[in-house]
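Asks: Fold the following.
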Amino acid sequence: MRKKDVKCQSISIVYLYFKYSKCERKVYRRILGPVYDSEKEDWRILTDKEIYVSVKKPTVIETVMLNRLHWIWHAQRMEENRIPKRLLYMNLGTRN
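Replies: Numbering: from 1, shown residues only. The predicted model follows:
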């Protein structure tokens, strides 16, 4: 795997996380609706921080990351000859 390929993969993962979190916040804003701001005497949408405080659940990104960590922990406890453990620790060759 070339350095350029790794960079492209990491950028695409970050982009997907950003896209999912944006979509998640959009759905929560739709569900929770606008709030009345008594100081400004006007309606406004919730900020990201207010959304996550009121929802009190892990985000999609946090859930995915926790599942990845859980899988790695599970694979580490496997026997040495199991395919998932060998895949986890195998060295990727480089192309010339």
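Asks: For the helix or strand bottoming out on mean pLDDT in the chain, list every residue counted as buried.
Replies: One helix or strand of the chain scores below all others by mean pLDDT, DSSP states H and E: helix 3-32, with a mean of 74. Buried positions in helix 3-32, judged by neighbour count with 16 or more other Cβ atoms under 10 Å: 24-25, 28-29. (Glycine included, C-beta is placed from N, CA and C.)
Asks: Just flag the most distant two among the residues you listed.
Replies: Glu24 and Arg29 (9.7 Å; Cβ to Cβ).
Asks: Report the residue ranges of every domain in the protein.
Replies: Domain assignment for the chain by automatic domain parsing gives 1-55, 58-90.
Asks: if you average pLDDT over the shortest one, what comes out?
Replies: Rounded to a whole number, the mean pLDDT of domain 58-90 is 86.
Asks: Which of the residues in it are classified as buried?
Replies: Result for domain 58-90 [16+ other Cβ under 10 Å]: buried residues 59, 75, 85.
Asks: Next step: these restricted to strands.
Replies: Among the buried residues of domain 58-90, no member is found in strands (DSSP state E).
Asks: Export those as TSV, with columns for distance to Val53.
Replies: Converted to TSV, the buried residues of domain 58-90 look like this (distance: Cβ to Cβ, whole Å):
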residue	distance to Val53
Thr59	12
Ala75	35
Lys85	40
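Asks: now, among the residues you listed, which is nearest to Tyr52?
Replies: Thr59 (7.1 Å).
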